[in-house]
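S.K.: My questions concern the predicted model and sequence given below.
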Amino acid sequence: MDANETDTRGSGAAEPGAVEPDVSIVIGAYEAMPYLIRCLESVEGQTLPAGRMEIVAVDDGSTDGTGEYLDAFAARTAIPTRVIHQANSGGPSGPRNTGLSLARGRYVFFLDADDYFGPEALERMVAMGDRAGTDVILGKVVGVNRGAAKSMWKETVERVDLYHSNVKFTLSAQKLFRRELLQRLGMSFDEKLRTGEDALFTMEAYLRGNGVSVVADHTCYYLVGRDDGKHVTKSGSYVLRFDSARALMRLIATHVPPGPRRDSLMVRPFVITLLPQFGPNLLKQSKAVREKKMALAAPLLAAYWTPGLARGLKANERLRLTCVAMGRLDLLLDVLRFMKAKSEPALVHEDRPSRLYLAYPHFRDGSGLPDSAYEVTVTEWIGGRRIEAPEPKPYLSFARRVVRKIRRTALRTLRAPRSQRGRAGARTRA
């Protein structure tokens, strides 16, 4: 252990050689008071027996009493608890890695000190992992004083299809991971990334682990928005977001070959990480920032933007990224002004083949933007109306229709004499 760390073991601390716990709860804490109080109460309130859990808490250089509260908790709790005090690392990756290196449980859960568990959360998630044999178990998350992803909690699933599931849209670290997987792959959080490090870690576990389970019928985790605005996701330069997007895209490309499956996963970094940099707020930013963002995005679009990926997006999303891919900041700004004004695009229907377009700015005006950038390919909502992509209709080219008509006429001609003779014979016998 480094000289600037201390190890505090309370009455519940595990002795060397103790039975392996089911879950190691790793808590990285920085300036976490008073949220830490409820966080730890939620651990003590779990239905797993105290001996089947352990807490590894890392005080990352706090000055608000966080470290002292952890020491006091460790001294009185029945849960084996280890507290590490270290100098501030500047981000969540450092304390998580410290905690992971000391974890002994079959599973590891990364619990943020601001958040708290729902009752029975760990018991239900451990039971799911043991039953399904999966390496990552997601428990339903609900936001408190902040939003939380919802689309992946529609049903409890023992083993999801990663490429068709919405679990790719929840890549935070607050999940149950099988520790054997993390050890075997030598996984840790990238301490060079200042945001999105949890997305990189979780996506790697999704891709390289033995399956993902979802517990959706019980609230397992409460994601808390801090009143003081110190939550890590609310801070940081836009450059950090591009660093995060680049790292996640590179990881996906490393483990998934080009094609529909890669495209389905790439939707996540493009829509959640990259696209917000090209929203209406861009209108308020300086010319230098706009041009810098375009320059940062260009190599990502050149490397990973594909027609298959594009068709998985809403029209306004695809249109904005198409403008970025073409280097047309001028056209992008026009689209953003249209969006900021909350204007509604006209619907343009076409047959043969059946297509529907949303006529955002520069639709068919000679600017060079392709029709495909405006096409409705997924369900959208415009002005409170649900807009569906048209069902594909079977369509035959003119040449194929002519060939079919000739073939049907020839068959009728060949059959006619036989039919006529048959009818004539029937009349004679009558």
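M.R.: Nice, I can see it. Bear in mind that the values here come from a model prediction, so they are computed numbers and not experimental data.
S.K.: now residue 338, nearest residue through space, not along the chain?
M.R.: Excluding the flanking residues, the one nearest residue 338 by CB to CB, 6 or more residues apart in numbering is residue 361, at 5.0 Å. Yep, even glycine has a C-beta here, placed from its N, CA and C like the rest.
S.K.: Any idea how many residues pack against that neighbour?
M.R.: Per other CB atoms under 10 Å, the neighbour tally for residue 361 reads 20.
S.K.: and it, what does it touch?
M.R.: For residue 361, the contact set (CB atoms under 8 Å, 6 or more residues apart in numbering) comprises 331, 334, 335, 337, 338.
S.K.: Same check on residue 202?
M.R.: Here residue 202 is in contact with 136, 171, 172, 173, 175 (CB under 8 Å, 6+ apart).
S.K.: Run through the stretch 151-300 of the chain and note the low-pLDDT ranges.
M.R.: 229-236 (pLDDT under 70).
S.K.: Show the residue spans covered by the helices in this structure.
M.R.: 35-44, 66-76, 93-102, 121-132, 179-185, 197-208, 238-255, 260-268, 287-304, 307-311, 315-325, 329-340, 398-429 (DSSP state H).
S.K.: For the shortest one, buried residues please.
M.R.: Right, helix 307-311. 309, 310 (16 or more other CB atoms under 10 Å).
S.K.: So which residues make contact with that helix?
M.R.: 259-260, 263, 266-267, 270, 318, 321-322, 372-373, 375, 377-378.
S.K.: hmm, which two among these are most spread apart?
M.R.: Among the contacts of helix 307-311, the pair separated by the greatest distance (CB to CB) is 259 and 373, at 21.9 Å.
S.K.: With neighbour numbers in mind, choose between those two.
M.R.: Using other CB under 10 Å, the more surrounded residue of residue 259 and residue 373 is residue 373, with 25 against 10.
S.K.: correct me, but that one touches residue 319?
M.R.: Yes. Counting by CB atoms under 8 Å, residue 319 is a contact partner of residue 373 at 4.7 Å.
S.K.: just to revisit the earlier point, let me have the helices of the chain in CSV, extended by distance to residue 392.
M.R.: As requested, these are exported to CSV (distance: least, CB to CB, whole Å):
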stretch, distance to residue 392
helix 35-44, 50
helix 66-76, 58
helix 93-102, 46
helix 121-132, 36
helix 179-185, 41
helix 197-208, 31
helix 238-255, 28
helix 260-268, 17
helix 287-304, 27
helix 307-311, 13
helix 315-325, 18
helix 329-340, 27
helix 398-429, 17
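S.K.: Let me know which of those helices is the nearest to residue 52.
M.R.: Among the helices of the chain, if distance is taken as CB to CB, the winner is helix 121-132, at 8.3 Å.
S.K.: Now do the buried residues in that closest one.
M.R.: Under the neighbour-count criterion of 16+ other CB under 10 Å, helix 121-132 has 121, 122, 123, 124, 125, 126, 128, 129, 132 buried.
S.K.: now do stretch 144-163
M.R.: Within stretch 144-163, the residues scored as buried using 16+ other CB under 10 Å are 148, 149, 152, 153, 157, 158, 160, 162.
S.K.: Provide the contact partners of it at residue level.
M.R.: 128, 131-132, 134, 138, 140-142, 165-170, 206-207, 211-217, 222-227, 231, 260-261, 264-265.
S.K.: Kindly export it (C-alpha atoms) in CSV.
M.R.: Provided in CSV are the C-alpha atoms of stretch 144-163 (Å, rounded to 0.1, in the frame of the first residue of the first chain):
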residue,chain,number,x,y,z
VAL,A,144,-33.7,10.9,-7.8
ASN,A,145,-33.5,14.6,-8.6
ARG,A,146,-32.2,13.6,-12.0
GLY,A,147,-33.1,11.6,-15.1
ALA,A,148,-32.2,7.9,-15.6
ALA,A,149,-32.4,5.6,-18.6
LYS,A,150,-35.6,3.7,-18.9
SER,A,151,-35.8,1.8,-22.2
MET,A,152,-33.9,-1.3,-20.9
TRP,A,153,-36.2,-2.0,-17.9
LYS,A,154,-39.3,-3.3,-19.8
GLU,A,155,-38.8,-6.9,-18.8
THR,A,156,-36.6,-9.1,-16.7
VAL,A,157,-34.3,-11.2,-19.0
GLU,A,158,-31.8,-13.9,-18.0
ARG,A,159,-29.6,-13.4,-21.1
VAL,A,160,-30.1,-10.5,-23.4
ASP,A,161,-29.2,-10.2,-27.1
LEU,A,162,-26.7,-7.4,-26.8
TYR,A,163,-27.0,-6.3,-30.4
